[in-house]
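predicted model and sequence follow; I will ask about them next.
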Amino acid sequence: MRKLIIISLLFICLKSQATIWYFSPTGNDDTGDGSIGNPWATWGKAFNWEAIAAGDTVYFRGGVYNKNIAEGDDDWYYPNRSQEGTGYNISRDGALGDTLYYLAYPGEVPILDCYNAYHATNRYCWGIYAGSVNYVKFKGLTVRNVRQIAGRNMACFGMQIRGGDIIVENCKFYNIWGVGLRIGANTSKNVYITNCDAYNCCDSLSTDLPGNDGYGFSVIESNGNVYFSGCRAWNCGDDGFNAGILESQYSAQYIEYNGCWAFSNGMLEGGGYGFKMGWFSYTDGNLKRTYTNCIAAYNRWGGWTTNDRWSWAPHAAYCNVFNNIAYHNGYSGLSLCYGFMINNTYDSDANELKRTLKNNISYANEDGAIGGAIGYLYTHETNSWDNPPGVTITDADFLSLDSTGITAARQADGSLPDNDCYNKFLRLSSTSLAYQAGVDVGLTYDAVDSLWRDPPSIGAYEYYSQETPEEPAVLSEVTTSRPRWQTSTTAISGGNVFDDGGGTVSARGVCWSTSQNPTISDSHTTNGTGTGVFYSEMTGLNQNWVYYVRAYATNEVGTAYGNQMIFAEGQVLGKDNVPMVLLKDGVYYIFIKQ
C-alpha cells in the first residue's frame, strides 16, 4: 500500500509541473519568456523549444503569423532548412496520460500564413509537419497559402501527420496548392480528425495534370486507424476525402468517416469524387472503411468510388457504407458520373460482396444512382436504388434542396453551422416515403433528435419536425376603463384587451361587486370577443353604495382580470373638476361628479 501511495504522489508532482506557454504575432522569440504578458512569436519555437514538454499547453493568440524560412534553428524545418526545407517540423512529444496541447487562445483565431515560405528548387512544401510525434492535440489553428511555384512540379501540404494518438480538432486548411491535411506513412496509432475544414486545395501549377493531386483530406500508406468526424472539404482539385492506401508494407488500416461533407470538388483536370475509398494491394479480411451520415454533393465526377480496380492493387475494399446521401454529382461532361461507383475488381466474388451499402440515398446524379464495370458485385439493401417498397425519391422527399450557406462558418464550438442549409438541406420531409424505410445497421445517434427510428429511415438524417413549436398560451392581458355614472342605477366602464396571451379571447367585459376583486361569478357583462377596446354598461346599481369593478378577458387558459377601479356617488371635486381620491379604511375611493 505504501508503494501505491508513493507512486500516486509522484504522479501528482509530475502533473503539477505542466506549464502554459503563450505565443503571439507581436511576441519576441529572443526577449520573451513565454508568459501571457511577454509571449514568444513563432510557431517554429512552439513546436521545437526544449522547455515545452509532455502535459504542457501552448496557446497561440489570434492574428496572422507570417512564416519566415530564415527563422530559428535548422532542425525546426522538415526537411532541414539546409536541405531547402519549408515545413515547420514538430519535435516535441506528449506522453500516455500527458497530452501536449497546441491550442488557439479561447475566442481568438491564430493563422499561419505560408505564402512567402518556399525555395526555388525544393520538391515539397509544408505548413506543419508532425513526423514521429505522439500524444499531441491541435485545436483551433488555421494554415493557409502553402503554394507552388510556376514551372515546378511541387507537392504542397497544409499539414502532414506521421505520428500517432494525435487529435486535430476545429482546424482549418485553405488556399493549399495541394493537400489540406495528409496522414502519411508510419502512423502506428490512432488519429482523430474532428470538425475540421479543408477548402481551395488545388495543385493548379502541377506540370502533369493540374488539380489531380489536390485533396481536402488524404490518408496514404499508414498502419494506424484514422477517424474523421464532422469534417468538410470543398473546392479541391481532385477529391474531398481520399484514402489512397497501398498497404504493401503496412498492416491493414481502418478509416472511418462520420457526418462529413464533401461538395464542389474536382477542379481543373482533377477527378472529383466526394469520397474515394482507396486501393488495396494487401488484405487480411478485416473491415477497412466505414462511411455513415455523410453528404457528397455537386462534385465533378461522383459521390463515392471504391477505386479498387487496379491490377497492382487487386483487392476489393471491405467496407460498410450506411445512411449517406449522394446528390447532384457529375454534370461535367465526364463519363460514369454516378452517385456511387462500384468497381469490378481482380478479387474474388466473396471479397467483392464484403462491400456493403445499406440505407443510402443517391439522387439526381448525372448518370444514375449507382454504376460500375460489368460484373461488379456488392451487398446492398434498402438503398434508394433498391426500390424499397413504395419508395421513389423525388424533390418532395426533402425539406429543402437549397444549399445556400453550405460554406458558412462553423459555430463557436466547432460544430457545423446552424443555418437553413445544415438544418434543412437534404433532410427528409414529413411526407417522405424514405421515412423508416431502412434496416437496422446499428446507428444509435442523430445530431438533431438523438435517436434513430426503429426501423431507421434511409439517407443521412432521420426526419424531425422543422416547425417552430408554438409557445403555450397564457392568460390574456387587459386593463379597466374608469367608470362613470349614467343614471342613478347605471354606469359605463369597459376595458382594453391588448394581448390575447397566444390564445383566442372568447369572452370579455367587466364584472363588479360591493366587495373587492370581483370575478365573473359576480355581476358582469359580456361585450364581444378578441382583442381591442370595448365598452360595458353596468346596471342595477345603487348610488349610495361603493362599487369595485374590473375588466376581464377569457381565453383557453382561463380568465384574466384588469386593474380594479372603485366608484361611488359624490360631489367631492378637486381643482379643475378633477375627481378626488379619498383614502378610507385603507381603500382608495374615486368620487365622480354627476
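Structure's in. What do you need? Numbers count the residues shown, from 1 in each chain.

give me the mean pLDDT for the helix or strand hosting residue 320.
Taking DSSP states H and E as the criterion, residue 320 maps to strand 319-322. Mean pLDDT, strand 319-322: 97.

ok, residues contacting that strand?
Strand 319-322 has contacts (Cβ atoms under 8 Å, 6 or more residues apart in numbering) with 277, 287-292, 304, 306, 340, 354-360, 441, 443. In this view, the C-beta of every residue, glycine as well, is placed from N, C-alpha and C.

next SSE after it?
strand 325-327.

name the helices or strands packed onto that next one?
For strand 325-327, the elements it packs on are strand 295-297, strand 302-305, strand 361-363, judged by 3 or more Cβ pairs under 8 Å, 6 or more residues apart in numbering; DSSP states H and E.

make JSON lines from these and add distance to residue 65 to it.
JSON lines is the format used below for the helices and strands packed on strand 325-327 (distance: least, Cβ to Cβ, whole Å):
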{"stretch": "strand 295-297", "distance to residue 65": "33"}
{"stretch": "strand 302-305", "distance to residue 65": "37"}
{"stretch": "strand 361-363", "distance to residue 65": "43"}
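
just the ones you listed: most buried one?
Counting by mean count of other Cβ atoms under 10 Å, strand 302-305 has the highest mean neighbour count of those, with a mean of 30.

need the CA coordinates for that strand. CSV is fine.
Extracted in CSV, the C-alpha atoms of strand 302-305 (Å, rounded to 0.1, in the frame of the first residue of the first chain):
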residue,chain,number,x,y,z
GLY,A,302,-19.3,11.4,-58.5
GLY,A,303,-20.2,11.0,-54.8
TRP,A,304,-18.3,7.8,-53.8
THR,A,305,-16.0,5.4,-55.7
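
avg pLDDT for it?
97.

give me the helices and strands touching it, please.
Using 3+ Cβ pairs under 8 Å, 6+ apart, strand 302-305 sits against strand 273-276, strand 295-297, strand 325-327, strand 340-341.

and the last one, how far out from the chain middle?
What that stands for is strand 340-341. Centroid separation between strand 340-341 and its chain, computed with Cα atoms, centre = their mean, to the nearest Å, is 26 Å.

strands paired with it, and their directions?
strand 302-305 (parallel), strand 370-371 (parallel) (DSSP bridges).

on that earlier part again, sheet partners, orientation included, of the strand holding residue 320?
Strand 319-322 is paired, per DSSP bridges, with strand 289-292 (parallel), strand 355-358 (parallel).

want to try a markdown table for those, with mean pLDDT as columns?
Converted to a markdown table, the strands paired with strand 319-322 look like this (pLDDT from 0 to 100):
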| stretch | mean pLDDT |
| --- | --- |
| strand 289-292 | 96 |
| strand 355-358 | 97 |
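
out of these, which gets nearest to residue 489?
strand 289-292 (79.5 Å; Cβ to Cβ).

what does that closest one contact?
Here strand 289-292 makes contact (Cβ under 8 Å, 6+ apart) with 243, 254-259, 275, 277-278, 304, 317-324, 443.

ok so, going back, please identify which of the helices and strands packed on strand 325-327 is closest to residue 474.
Minimum separation from residue 474 across those (Cβ to Cβ) falls at strand 295-297, 41.1 Å.

strand partners of the closest one, parallel vs antiparallel please.
In the sheet, strand 295-297 lines up with strand 261-263 (parallel), strand 325-327 (parallel) (DSSP bridges).

now the element after the worst-scoring helix or strand of the chain on mean pLDDT, going C-ward?
When each helix and strand of the chain is scored by mean pLDDT, DSSP states H and E, helix 2-16 comes last, with a mean of 35. With elements assigned by DSSP H and E, the helix or strand that comes after helix 2-16 is strand 20-23.

show me the contact partners of the helix or strand following that following strand.
Counting by DSSP H and E, the next helix or strand C-terminal to strand 20-23 is helix 43-48. By Cβ under 8 Å, 6+ apart, the surrounding residues in contact with helix 43-48 are 21, 23, 29, 40, 52, 58, 60, 65, 67, 71-73, 75-77, 88-92, 102, 112, 128.

nearest residue to the most centrally placed residue in the chain in space, please, no chain neighbours.
Of all residues in the chain, the one closest to the mean position by Cα atoms, centre = their mean is residue 416, 1.4 Å from it. Distance criterion Cβ to Cβ, 6 or more residues apart in numbering; nearest residue to residue 416, sequence neighbours excluded, is residue 422 at 5.0 Å.

okay, the one you found: pLDDT?
So, for residue 422, pLDDT stands at 95.

and residue 402, by the same measure?
Looking at residue 402, its pLDDT reads 96.

surely it meets residue 422?
No - using Cβ atoms under 8 Å, residue 402 makes no contact with residue 422, being 11.7 Å away.

neighbour count: the two, which is higher?
residue 422 (21 against 12; other Cβ atoms under 10 Å).

next helix or strand past the helix or strand harbouring that one?
Here residue 422 sits within helix 420-424, counting by DSSP H and E. Sequence order places strand 477-480 as the next helix or strand after helix 420-424, per DSSP H and E.

so what touches that next one?
By Cβ under 8 Å, 6+ apart, strand 477-480 touches 493-499, 501, 508, 510, 549-553, 560-565.

in strands, which of those fall?
Judged by DSSP state E, strands contain the following of the contacts of strand 477-480: 493-499, 508, 510, 549-553, 560-561, 565.

taking those, please make a PyMOL selection of just the buried ones.
Buried residues among these (16 or more other Cβ atoms under 10 Å), as a PyMOL selection:
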select buried, resi 493+494+495+496+497+508+510+549+550+551+552+553+560+561+565
